[in-house]
Structures are given as structure tokens and as C-alpha cells.
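Colleague: My questions are about this predicted structure, shown below with the sequence.
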Amino acid sequence: MSDPGATTVATYRAQVGSQVLDLPLVELAPDLTIALLVTVDHGISVLARAGAELAALLEPERVDAVATAATMGLPVAIEVTRALGLDDYIVLHKTPKTHLRDALVEDVRSITTGPLQQLRLDRARLEHVAGRRVAFVDDVVSTGSSAVAALRLLRRAGAEVVGVGALVTETRAWRDALGADERLVRALGAIPVFRPGPGGSLDADWDG
């Protein structure tokens, strides 16, 4: 028996590699709604398959190490690392912690978090980055601001960034933000944002 108090959540059906995911539509502002991909809301098997497919796109770059930004990129990094046959990955942290007091830091502003944040790389992890061929992976590349900050931070640490992997890209705005690094991006799919249309509809906006 259905719950009479339950509400139906509008979704967007996204192609993510060989898989189809129904993503909830979430309003961020009166003129902006996004299809929200939350990696931890999907099963282990979904992320394992997506990670393997993303790893296959990155494998030609002879990746030595995988890096990601906490927290939604973590499941992606774990599965990509596993599929590449590696045993370690690098986390760029967004929250201050005792062991990050002397971290390398880059400012970043995300579309879903709003306020200015910082990415932090633990100096104890520098030997796992310097001189290595690093792929930065994340759940979504949207405005490109998080990826740009991550690449700056990794390069400051001495990495040779050879790829940017994402489950999906969102609109085309990230291309301008990344500039020449746009060529590094490999993704399993693409999604739009949504704007109010006539009669209360939501219209897909691929330009952002």
C-alpha cells in the first residue's frame, strides 16, 4: 500500500556510462534547478561499474596516482584507483583538521556549497604527488571552479596532471573555466541545469 503522505520527487534521467541514473531535481535559486548526483546515494555496484568505466577512459594517460576532493569524490576515487590497479589515492580536504594546519591551500567556490571554501593538501602526502602522473577525479564537473583549484594545488605540489575524470559534466560553463585544461576532461555523461519555462515547466539549459 502506498503512503498517502509521500511526495513525488521530479527527476532527470541521466546516462552515466553504461548506466542510467534518475537524479532528483533540486532548486538552488528561483531561476536555477539542478539534477543532483550524490555518489553516496547510489549502491556500491553502481559506483564500481562507473569507476571501472572512468578508469578505462583515463588508462591511456599512464596514471600513477588518483586525487579527488572530499567528500563526494571519494567513492569515485576509490573505484577508479582500484580499477587502475593502484593502491593509494590522494584526498584534497575541504574542512580544517589538526593534521592539516600546515597544508597547502587553494580557495574554491562550488555551485552546490555556495560560500568560499578551501582545498587542503596534507604536506605529509607530498611525496605521493610530486613528480607523478596524477588524474584528478570527481563526481561532477559543473562550473569548473573546484577542478581548477584542485589542478592548481596539485601542480603546486609538483604533480604532472594528466587527466580530469568525472561521472558527468554539467552544462558547458566548465570549458571556459578550465581553459587549455579542458582537453584533459574525460566524463561518462553530461547533464544540463534547468530554468523556469512557460506554464511552470523546467527547461534544460546546456549552456549554464
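Modeller: The structure has been received and is ready for your questions. Numbers count the residues shown, from 1 in each chain.

Colleague: where are the low-confidence patches of this protein?
Modeller: Residue ranges of the chain with pLDDT under 70: 1-8, 109-114.

Colleague: what ranges do the helices span in the protein?
Modeller: 44-58, 74-83, 145-156, 173-178 (DSSP state H).

Colleague: Which of those sits closest to G165?
Modeller: helix 44-58 (4.8 Å; CB to CB). C-betas here are computed from N, CA, C, even on glycine.

Colleague: Can you tell me who V161 pairs with across the strands?
Modeller: V134 (DSSP bridges).

Colleague: wait, it sits on R152?
Modeller: No: under the criterion of CB atoms under 8 Å, V161 makes no contact with R152, lying 9.7 Å away.

Colleague: okay, these two: which has more neighbours?
Modeller: V161 (20 against 16; other CB atoms under 10 Å).

Colleague: how about the more buried one, what does it touch?
Modeller: In this structure, V161 makes contact with 134-136, 151, 154-155, 181, 184, judged by CB atoms under 8 Å, 6 or more residues apart in numbering.

Colleague: Out of those residues, flag the one nearest to A83.
Modeller: Nearest to A83 among the contacts of V161: A135, at 11.6 Å, using CB to CB.

Colleague: got the contact list for the closest residue to that closest one other than its chain neighbours?
Modeller: With sequence-adjacent residues excluded and distances taken as CB to CB, 6 or more residues apart in numbering, A135 is closest to G163, at 3.9 Å. Contacts for G163 (CB under 8 Å, 6+ apart) come out as 58, 61, 63, 135-136, 184, 186.

Colleague: Tell me which of the residues you listed fall in strands.
Modeller: Among the contacts of G163, DSSP state E puts 135-136, 186 in strands.

Colleague: And the strands in this protein, which stretches?
Modeller: 11-16, 19-29, 32-35, 65-69, 89-92, 104-108, 117-121, 133-141, 160-170, 185-187, 190-191, 193-196, 202-205.

Colleague: Just the buried residues of the fifth one, please?
Modeller: Across strand 89-92, burial judged by 16 or more other CB atoms under 10 Å covers 89-92.

Colleague: wait, isn't A135 in contact with E59?
Modeller: No: in this structure, A135 is not within contact of E59 by CB under 8 Å, at 9.6 Å.

Colleague: ok, those two, which is more surrounded?
Modeller: Using other CB under 10 Å, the more surrounded residue of A135 and E59 is A135, with 31 against 15.

Colleague: Count residues in the vicinity of the residue nearest to L178 when sequence neighbours are not counted, would you?
Modeller: Using CB to CB, 6+ apart and skipping the chain neighbours, the partner closest in space to L178 is G144 (4.9 Å). By the criterion of other CB under 10 Å, G144 has 26 neighbours.

Colleague: got the contact list for G144?
Modeller: Going by CB under 8 Å, 6+ apart, G144 touches 173-178.

Colleague: now do 6 Å
Modeller: By CB atoms under 6 Å, 6 or more residues apart in numbering, the contact set of G144 is 174, 177-178.
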